[in-house]
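> Output the structure for:
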Amino acid sequence: MENKSSRYLSNFAGSGDGDRRSFERLLADVLKPFIRELLLVDAATLIGYALSEDCSNFEDIIASCGESIATPALLRYGGCVAVTCEWGSAPAVAIELELHHTALTTFFQVVLASDSVEIQLHGLIFPGPAPTPAEAWRQYRAALSKTPQATSETAAQVLSAIAIPAIRQIM
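Numbers count the residues shown, from 1 in each chain. Presented below is the predicted three-dimensional model:
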């Protein structure tokens, strides 16, 4: 049986282009319009849906917010959401998401907290044999540069126009 896809989970290079953080930064830049839309949803609503395990509403929210960056069905709810509630601190909502493109699939989590938004990359799947780190980085950049948001705005415009002070720079 022929393997038609390869996982690229822990083969990230140590540092520089192609390391985990560079993948996360690029994904965060592409997701900024989506995050802006998602932050407009009432936190209590998100927490309520999460606690009641209401997947259909999360699918609708993600699809609606995802229209700002992608064609329909490109950004999808990953089927899991978690809420962290601790005494004395604000709750946080972690939503599993998938970004599907013909060149790759990206699995990641968006963590919404009272003072930050974080992107945590879980893995990539490329069609065909496993790429080298340099090839993976090139394919990833090429795929993410083809979203409507990326073609309508340059990276500098996106970075200068960001209106969400809560997005923490991924280090």
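> So which residues of the chain form strands?
5-8, 75-84, 92-101, 104-112, 117-127 (DSSP state E).
> what's the closest of these to residue 36?
strand 117-127 (9.9 Å; CB to CB). Yep, even glycine has a C-beta here, placed from its N, CA and C like the rest.
> Report the mean confidence score over the closest one.
Mean pLDDT, computed over strand 117-127, is 91.
> ok so, going back, mind putting the strands of the chain in TSV, mean neighbour count included?
Output for the strands of the chain, formatted as TSV (neighbours: other CB atoms under 10 Å):
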stretch	mean neighbour count
strand 5-8	16
strand 75-84	16
strand 92-101	19
strand 104-112	19
strand 117-127	17
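> Reformat those as JSON lines; add distance to residue 30.
Formatted as JSON lines, the strands of the chain follow (distance: least, CB to CB, whole Å):
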{"stretch": "strand 5-8", "distance to residue 30": "18"}
{"stretch": "strand 75-84", "distance to residue 30": "10"}
{"stretch": "strand 92-101", "distance to residue 30": "8"}
{"stretch": "strand 104-112", "distance to residue 30": "10"}
{"stretch": "strand 117-127", "distance to residue 30": "10"}
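> Show me the one of those strands that comes nearest residue 54.
strand 75-84 (9.3 Å).
> between the strands of the chain, which gets nearest to residue 24?
That would be strand 117-127 among the strands of the chain, by CB to CB, at 5.0 Å.
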